[in-house]
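S.K.: pasting the sequence and the predicted model now:
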Amino acid sequence: MTLMNAPEYDQVGETRKKNALIGAGVAIALIAVLSVLGFLLGHGWLFMNLPAEHRVKVFLETVQSGDFAKGYGMWQNDPQWQQHPDKYKDYPLSRFTEDWTTASDWHGPVKTFHVDVSKRDDTGTVVASTINGSSKRLFVKIQKKDGTLSYFPLELQY
């Protein structure tokens, strides 16, 4: 092939290649920024902990509204818990209600709350929340194996 027989310049093809390279670069940069930003803000890489944080938020809204039966179902990850209350005799609704009203570390029922940060491990996700503006935070763990909520005894450092 000589210079005289060279194929014609394909403007559309070259523009398509250029746009694909720019798009790939922008996508890689966006994924990198979202990954680091999610981690730095305390919501996990690529904001992967947001579903767990949302679940705790909905739970706290339910308890805040005073619907302890529904909140208990969310805590046990069993909306039909009233069909078989014997299954939960180790932590009955009466004790749950007491824990979320008078026997709490934030001294009373939930009036205000803010979901602060979350951390993930092999067994689930721990979500830290501030209740009633208290200096003591609530740490709730969502168990990966069965979806139940539980108190987390340790404090997250963030």
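M.R.: Nice, I can see it.
S.K.: can you list contacts of stretch 54-72?
M.R.: Residues outside stretch 54-72 that contact it (CB atoms under 8 Å, 6 or more residues apart in numbering) are 74-75, 79, 81-82, 93, 96-97, 100, 109-111, 113, 115, 127, 129, 131, 140, 142, 149. The C-beta positions use only the backbone N, C-alpha and C, and glycine is treated the same way.
S.K.: all helices of this structure, in order?
M.R.: Applying DSSP state H to the chain gives helices spanning 11-40, 50-64, 68-75, 93-99.
S.K.: list the residues that contact residue 102.
M.R.: Contacts of residue 102 by CB under 8 Å, 6+ apart are residue 108.
S.K.: how close does it sit to residue 90?
M.R.: Distance from residue 102 to residue 90, counting by CB to CB, to the nearest Å: 20 Å.
S.K.: pLDDT weak spots in the chain?
M.R.: 1-3, 103, 107, 156-158 (pLDDT under 70).
S.K.: so of the helices of the chain, which one's packed in deepest?
M.R.: Comparing the helices of the chain by mean neighbour count (mean count of other CB atoms under 10 Å), helix 68-75 ranks first with a mean of 20.
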